[in-house]
Each structure stands twice: as structure tokens, then as C-alpha cells.
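A.B. asks: no sequence on hand, only this structure:
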């Protein structure tokens, strides 16, 4: 334990209050115990009182953490019922028998080392005989945690033992963010888009877009790119400006401006709204896909030639003929990856091309389509749809 001046002051404060010492608090104190200590020393030391309550909040977040719930202290655990509440005195007894964190309350799988949530730990005969009521409290807490259907983690150790050397401020921010995200019915990117006035489909369709994405037969890098786009994590000049990194070339443009058209380069602008590149690119691709579907179905299938933002950004496939949906979505994902790649090249090289005629846009689509054809040919997969796309582009060029 640290012997710094502030730790010495807190030891004195706890000693004057006639409660647990600092070492015992860190070793086996849960949120309820830290909160109780904070309340008890509120008059004598408001500073240390607030510190104890902040520690209690972090330990409470850890109790529901997917990664760290097994590290939570048994004594003072917030999930213990009022009748079976485990006090600080109980914690001292359990510490004597090596039971400080909830991972020790569960049985263990001898093969994998993971906890078994449906079985109790084996308590020593001495503990069972002398403190039968305390054992009952521990078993009750184990059953309450089991009802939460926690995953089968490997027992790592107590919270303070595992987090030794880690800055609590950063750890608290991480757990607080995870806790807040868990309360949302959908991903944060959905709600930030709604906040910023960006059109989004209903939440169920938005979530279906994730499922559609992970079912696609695309390379891992393409999948990662599309996933980042759905989560608004692709780098743009708007993000660059907000982060303080930005800067247009030689101060010629605002820091958050698109290098092609001078308008603020957000994710939506980069992928769909840039009048110099992405907007005409999707319009050209829509014409090509419509013709490919018509040829493949002998005119029986009709596809709107408009590449809607919900289809491009959120993988909402309603309105696309089922027979061609899989191939169309593969092509769209690769086009999105190509847009991000070309944006990166514009920002990191001296590329001077800032206008794209229809022939150049067709050429970009052809390059992406040929990449797909080559990969699928190597994999021994059907290329009929992409061969038709290639024929149409060749005729147009």
C-alpha cells in the first residue's frame, strides 16, 4: 500500500472514526462498505468522504462489468439482498478464509478453469461449522449472481489486486461508458445521427443492417470498413477539425472541408452527398445495377435505379430482388471501401484530380468490379452477376 502523505492522512482519518483501516477497505470492501465509510467520515473529512463515495461508484460499475464482475468484493456487494447483506465484519471473517471476491463463491471447471455459475464453491469444514449463517449469505449471493446469467469467466483475483498499477480515472471512464452504452436500446451511432438530424431508418431496421452486414460474403477488411461506417468511425475532415489535427491544404479551405467540393466533410457527405464524387458515383452505379438486373431476369425484375442512403450506409435491403440482393450488397460494400481509400489518397498525396466525369466514374466502378471478379474466380464462386456488370460498363465506356 502506498505510503504517500495523502494515504497517511486517510489512515489517520479512518483510525479516528474507529472503522476499517485502509488496507482492509481496499482488500475486501465492496460498494456498500465504501459508501458507509464515506458517510461516517463526512463531517470530519469531506474530501475523503467524496473519495470513498467515488470509489464505491466505480466498484458498483465493476459489479456489472462483463470483464470484471468476478473481481467484485463479496462484503458490501450491492446484489446481496437486505436480509442476506454481507457486512464489513463478515468480510473480515471471509478474508481469513481466503474469500474476498465473488469469483471464489462459484464452483470451478477443472478442465477449463472457468467458473460454473450453477454450483457453489466448496467451503471448509471450519467455516461451515463456525459461521453457517455467513455461508448461507454467500450461497444466496451466488444464486443472485447466477440469475443475472453472467458469462463463465476465469477467476482472476480481487479488484484491487488485478487493477494494481492501473490509473483509476481511466478505468472509471471506461466502465462508466460501457455502463451507459448498455442502457441504450441500440448503438450510440444511431442516436447521435438522430441528434444531428441525419436521416436514419427505424431502430429495428438499423439493427437488421448489422445482421445483414455480417452475413455478407466479403473480405474482412471490407467488412471492417462497412462496420466503421455504420458506427460513424471512419476518419473525415470534420473529425480532423474537431480533434484539433485538421487543416486544409495551405489554409486554402476550412479545416473541415471536403477537398473536392469545399463543403464540410462528414461521414454522410463523404459516402453519399459529395456532388463532385460520391453522389454521381452512386447514381451511375444505380443505372448499371438496374440494367444488370433487367438483363439477368430478361426484363421480369424491376429495380429502382436510385441508390438510397439507407441501402448504402445502413444495409437496409428492402426493395431489392432476393435473387440479386447478395451480389448487389457485395458490390456496394466494395464501392464504399473504395471511396474511403480514394479519400485517404487525396489527403495524403499530391493528387490533383478534383473533378470526375462519367467515364472516370465508370472506370472506378469497373476497377472495383474486376477486383471482386478476380477474388471470386480464385475462390471458385459464381461470377454471373459481376460478369454482366463488366459487360455493361464496357459498353458504356
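C.D. replies: Perfect, thanks for sending it. Computed from a predicted structure; not experimentally measured.

A.B. asks: flag every buried residue along the lowest-mean-pLDDT helix or strand in the chain.
C.D. replies: None of the helices or strands of the chain scores lower by mean pLDDT, DSSP states H and E than helix 159-162, at a mean of 82. Residues of helix 159-162 classed as buried: 159, 160, 162 (neighbour count, 16 or more other CB atoms under 10 Å). C-betas here are computed from N, CA, C, even on glycine.

A.B. asks: ok, stretch 90-108 next?
C.D. replies: For stretch 90-108, by 16+ other CB under 10 Å, it's 90-91, 93-95, 99-106, 108.

A.B. asks: could the buried residues of helix 159-162 go into JSON lines alongside distance to residue 130?
C.D. replies: Converted to JSON lines, the buried residues of helix 159-162 look like this (distance: CB to CB, whole Å):
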{"residue": "159", "distance to residue 130": "27"}
{"residue": "160", "distance to residue 130": "27"}
{"residue": "162", "distance to residue 130": "30"}
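
A.B. asks: tell me the contacts of residue 219?
C.D. replies: residue 375 (CB atoms under 8 Å, 6 or more residues apart in numbering).

A.B. asks: distance check, it against residue 226.
C.D. replies: Residue 219 sits 11 Å away from residue 226, taking CB to CB, to the nearest Å as the criterion.

A.B. asks: what sits up against the helix or strand that comes right after the least confident helix or strand of the chain?
C.D. replies: With elements assigned by DSSP states H and E, the helix or strand that comes after helix 159-162 is helix 168-182. Contacts of helix 168-182 with the rest of the structure, by CB under 8 Å, 6+ apart, involve 54, 55, 57, 58, 61, 62, 64, 65, 66, 68, 163, 188.

A.B. asks: got it, and stretch 24-40?
C.D. replies: 1, 14, 17, 19-20, 48-53, 55-57, 59-60, 63, 72-78, 85-88, 91-92, 94-95, 100, 158, 160.

A.B. asks: select only the buried ones of those residues in ChimeraX?
C.D. replies: The ChimeraX selection below is limited to those of the contacts of stretch 24-40 classed as buried (16+ other CB under 10 Å):
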select :14,19,20,48,49,51,52,53,55,56,57,59,60,63,72,73,74,75,76,77,85,86,87,88,91,94,95,100,158,160
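
A.B. asks: and the buried residues of stretch 90-108, which of them are in helices?
C.D. replies: Within those, residues falling in helices by DSSP state H are 90, 91, 93, 94, 95.

A.B. asks: check the offset of the longest strand seen in the chain from the chain's centre.
C.D. replies: The residue-count maximum for a strand in the chain (DSSP state E) belongs to strand 115-120. Distance, stretch centre to chain centre, for strand 115-120: 28 Å (CA atoms, centre = their mean, to the nearest Å).

A.B. asks: so what strands line up beside that strand?
C.D. replies: Sheet pairing here is set by DSSP bridges, and for strand 115-120 it gives strand 106-108 (antiparallel).
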